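Enquirer: Return atomic coordinates for the entry below.
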Amino acid sequence: MKLAVIAVGTRLPAWADAAFAEFARRMPRELPLELKEIKAEPRAEGKPVEAMLAAEAARIGAALPPRGRLVALDERGADLTTRQLAERLRRWMEAGDDVALVIGGPDGLAPELKDRAAETLRLSSLTLPHALARVLLAEALYRAASLLKNHPYHRE
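Expert: As a prediction, the model looks like this:
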């Protein structure tokens with residue numbers, strides 16, 4: 001099983017790229033984590049948000065694994081504890097399909113993409129910059145994987 005974070009936005013700060021790469025490097029061999037960056041649709045005066053979201057959704061769709069579980073990150077998604085995320089991760093691993101966790105752009109994700117998602121998760125009640133959201137998600141996945149391996153990284 002592979003994990004992919006598919007995130008709208010390119011050319012983020014170097015610290016975000018380095019932090020994501022560090023957590024991806026730490027992931028267990030049987031649970032590789034990769035980042036796929038999707039070009040954001042240019043914001044233009046008079047261009048409807050729905051059209052921009054649809055264009056981003058098409059690019060996201062092209063980046064999704066051929067068969068796999070789509071998990072949308074959204075402010076109205078399920079709010080999980082680390083233990084609950086670890087349990088999700090365990091179930092995803094048992095199912096064996098690749099998992100794509102999708103982070104939308106400034107306007108979020110297109111409704112049709114959220115409708116296609118097997119589940120919707122949220123990272124925080126706070127509004128997070130996209131660079132930080134990627135890092136936070138990578139760390140949360142690493143922490144959940146560590147918990148499943150009984151690694152001492154997670155302490156309660």
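
Enquirer: For Ala100, list each beta-bridge partner.
Expert: Beta-bridge pairing for Ala100 (DSSP bridges): Ala4, Leu70.

Enquirer: Now do it against Arg83, distance only.
Expert: 23 Å (C-beta to C-beta, to the nearest Å). The C-beta positions use only the backbone N, C-alpha and C, and glycine is treated the same way.

Enquirer: need the helices for the protein, in chain order.
Expert: 14-26, 49-63, 82-95, 111-116, 130-148 (DSSP state H).

Enquirer: show me the contacts for the spatially most central residue of the chain.
Expert: With distances taken as C-alpha atoms, centre = their mean, the residue of the chain nearest its centroid is Leu101 (3.3 Å). Leu101 makes contacts with Leu3, Ala4, Val5, Ile6, Val71, Leu73, Leu121, Leu137, Leu141, as judged by C-beta atoms under 8 Å, 6 or more residues apart in numbering.

Enquirer: Model confidence score at the closest residue in space to Leu85 that isn't next to it in sequence, please.
Expert: Counting by C-beta to C-beta, 6 or more residues apart in numbering, the nearest residue to Leu85 once its immediate chain neighbours are dropped is Ala144, at 4.4 Å. Note on Ala144: pLDDT of 96.
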